[in-house]
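Enquirer: Structural data only, the sequence is not supplied:
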């Protein structure tokens, strides 16, 4: 195995085209129409290997174009082969850890194919299985799936993986973090021995290396290290705060004038529910999303957040790599993640489409070591945010550097801000009346 740019140097990537990599014909025309002229580094390295039938171990973080790195050559090979899939027997299988990521891959696949004859579908939990069974029965060439629902369909006889020629494990580190290792091993037993296997992961801990050894055969190792691990336009800061004071700190920060659309990350599902419940009680327009929510509930929460009906979204890391929502001005880490790479994925939800953004973290004494790990990975030292205690006993959080984001307010966001102000005035009025009554 080798690492780095195995076939092309960084300087040569800009001179490459998808056609020179082997992506031509119908898909090449679609890419031209979409304005995709130059492949990313991971695409420049992975596409020729996958087209050649080689197994690939890809190490690349979110935002590097790795979905295209495996989707484009797989679709190209299916088109070149020209054979349609039989009923219930897909030709390509892509495993994703979450419903949101699976839907994102499906969206990219649809975009690349245009009006091609290739059939595809996405099977995930949280929604009715019947429509998925019907699509599989008609025959599909490309199947994107989460592990649990795929096994349900396989064990009930609605899908047979015996014809799979291309197998992809995407976001393998997150699959392991979410406890899917047993499901993955069960899926591997259902696959034919003669196949092409691809494994992509943002990180490469020892557990992923062991999994790669089981899944891949003489793979080409492709590792792309981005020049900047975190987004340049994200201003990062942290607050030293006791765990018991984090909710008060969060609400104070959310009340600051620059916070217009915020995602709050917690480590656990119960923690997300608890934080969201308190925010809702105190008048914040909030939605919550995590793995225990049904697919319909998650879609409703995301739609509410996108439209501006809710301006705060509390989420676990199930959403960190799958949310692509414009105008998110702030990301707040209610708790720091165990892995510093997850922090990078979290704060990448802001500063989208060229906008600037802010990432704040609430850090208690037990999380100091995690903060140091994040600093080592990102090579950025977040600004400290001071805490000042007022005479009333309330905590006031004053950022060392106030950041005015340039993201324009949408009409829905302005309405949400007006609602927030009205609720705040009602709460202050109620407190004054209670005080007079006392």
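Expert: Okay, I see it. Every value quoted in this text rests on a predicted model; they were computed, and no experiment measured them.

Enquirer: Would you state the predicted confidence (pLDDT) at residue 204?
Expert: As predicted, residue 204 sits at a pLDDT of 82.

Enquirer: doesn't it fall inside a helix?
Expert: No - assessed with DSSP: H, G, I helix; E, B strand; the rest coil, residue 204 is coil; it does not lie in a helix.

Enquirer: Quickly note the distance from it to residue 174.
Expert: 13 Å (C-beta to C-beta, to the nearest Å). (C-beta placed from N, C-alpha, C; glycine too.)

Enquirer: got it, and residue 185?
Expert: Taking C-beta to C-beta, one finds residue 185 at 17 Å from residue 174.

Enquirer: Settle it for me: which of the two has more neighbours?
Expert: For the pair residue 185 and residue 174, the greater number of neighbours falls to residue 174 (25 against 12), based on other C-beta atoms under 10 Å.

Enquirer: what about the more buried one, distance to residue 92?
Expert: 21 Å.

Enquirer: average model confidence for the host helix or strand of residue 331?
Expert: Assigned by DSSP states H and E, residue 331 falls within strand 330-333. Across strand 330-333, pLDDT averages out at 96.

Enquirer: What pairs with that strand, parallel or antiparallel?
Expert: Take DSSP bridges as the rule and strand 330-333 pairs in its sheet with strand 262-265 (parallel), strand 357-363 (parallel).

Enquirer: Format the ones you listed as TSV; extra columns: mean neighbour count and distance to residue 384.
Expert: Listed next are the strands paired with strand 330-333 as TSV, based on neighbours: other C-beta atoms under 10 Å; distance: least, C-beta to C-beta, whole Å:
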stretch	mean neighbour count	distance to residue 384
strand 262-265	26	20
strand 357-363	26	10
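
Enquirer: Tabulate these (TSV), appending mean pLDDT and distance to residue 79.
Expert: Compiled in TSV, the strands paired with strand 330-333 are given as follows (pLDDT from 0 to 100; distance: least, C-beta to C-beta, whole Å):
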stretch	mean pLDDT	distance to residue 79
strand 262-265	96	38
strand 357-363	94	39
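
Enquirer: Could you say which one of these comes nearest to residue 237?
Expert: The closest of the strands paired with strand 330-333 to residue 237 is strand 357-363. By C-beta to C-beta, the value is 5.1 Å.

Enquirer: Figure out the length between the terminal residues of stretch 315-332.
Expert: 10 Å (C-alpha to C-alpha, to the nearest Å).

Enquirer: Residue 167: which element?
Expert: With DSSP H and E as criterion, residue 167 is part of strand 166-169.

Enquirer: Residue 149 now?
Expert: Per DSSP H and E: helix 147-155 holds residue 149.

Enquirer: name the helices or strands packed onto that helix?
Expert: Packing partners of helix 147-155 (3 or more C-beta pairs under 8 Å, 6 or more residues apart in numbering; DSSP states H and E): strand 92-95, strand 120-123, helix 130-138, helix 181-190.

Enquirer: Now with 6 Å, please.
Expert: Applying 3 or more C-beta pairs under 6 Å, 6 or more residues apart in numbering; DSSP states H and E, one finds that helix 147-155 makes contact with helix 181-190.

Enquirer: quick one, the helix it packs on and helix 147-155 angle?
Expert: With axes from the mean of the first three to the mean of the last three C-alpha atoms, to 10 degrees defining the directions, helix 181-190 sits at 40 degrees from helix 147-155.

Enquirer: Pull the residues that contact helix 181-190.
Expert: 147, 151, 154, 161 (C-beta atoms under 6 Å, 6 or more residues apart in numbering).

Enquirer: buried set for it?
Expert: Judged by neighbour count (16 or more other C-beta atoms under 10 Å), helix 181-190 contains these buried residues: 181, 183, 184, 187, 190.

Enquirer: which element follows it toward the C-terminus?
Expert: Sequence-wise, the next helix or strand downstream of helix 181-190 (DSSP H and E) is strand 196-201.

Enquirer: packing partners for whichever helix or strand comes after that next one?
Expert: Sequence order places helix 206-215 as the next helix or strand after strand 196-201, per DSSP H and E. On a contact count with 3+ C-beta pairs under 6 Å, 6+ apart, helix 206-215 meets helix 172-177, strand 196-201.
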